[in-house]
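**Student:** Pasting the sequence and the predicted coordinates here, then a few questions.
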Amino acid sequence: MLTQSMQQLAAAWDQDSTMYTNLEGLRRKLAAVGARQRAAAKKKLAVAASSAQLVLEAAVKKAEAAGKGAKKMPGLAQVLQRALA
């Protein structure tokens with residue numbers, strides 16, 4: 001009777017251990033997928049930020065050029081340059 005109970009306990013332990021190992025493997029896979037997704041999102045954000053900076057720099061140049069000829073918006077170039085900083 002005791003031997004049978006010990007065998008059942010050992011079998012349950014093995015089953016729990018296997019289940020834990022499988023769950024741990026799944027957790028690691030999910031973490032790796034999450035890391036790849038975060039890296040891709042960071043890359044996309046960097047590209048978008050770079051594009052936005054180029055657009056702002058072009059706007060600064062246009063505002064400076066417009067400010068030299070006609071003084072429609074005298075502080076626009078300074079505002080845009082502060083946005084770039």
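**Tutor:** Noted; the coordinates are in hand.
**Student:** contacts, neighbours, all on C-alpha from now
**Tutor:** OK.
**Student:** What helices and strands are in contact with the helix or strand hosting residue 25?
**Tutor:** Secondary structure from DSSP states H and E places residue 25 in helix 2-69. Contacts defined by 3 or more Cα pairs under 8 Å, 6 or more residues apart in numbering; DSSP states H and E place helix 2-69 against helix 76-84.
**Student:** For the helix it packs on, what does the pLDDT average out to?
**Tutor:** Averaged over helix 76-84, pLDDT sits at 67.
**Student:** next one: stretch 55-73
**Tutor:** On average, stretch 55-73 scores 71.
**Student:** Can you give me the distance of the residue positioned nearest the centre of the chain to residue 65?
**Tutor:** Taking Cα atoms, centre = their mean, the centroid of the chain lies closest to residue 38, which sits 3.5 Å from it. Separation of residue 38 from residue 65 (Cα to Cα, to the nearest Å) stands at 40 Å.
**Student:** How about residue 15?
**Tutor:** Taken as Cα to Cα, the span from residue 15 to residue 65 is 75 Å.
**Student:** Residue 32 too?
**Tutor:** Between residue 32 and residue 65 the distance is 50 Å, computed by Cα to Cα.
**Student:** Measure how far the helix holding residue 25 is from the centre of its chain, please.
**Tutor:** With Cα atoms, centre = their mean, to the nearest Å as the basis, helix 2-69 stands 7 Å off its chain's centre.
**Student:** returning to that earlier point: so who does the residue nearest to the centre of the chain touch?
**Tutor:** If a contact means Cα atoms under 8 Å, 6 or more residues apart in numbering, then residue 38 has no contacts.
**Student:** Tell me the pLDDT of it.
**Tutor:** The model's pLDDT for residue 38 equals 90.
**Student:** Over to residue 44?
**Tutor:** pLDDT, residue 44: 90.
**Student:** got it, and residue 47?
**Tutor:** Looking at residue 47, its pLDDT stands at 88.
**Student:** All good on my end, thank you.
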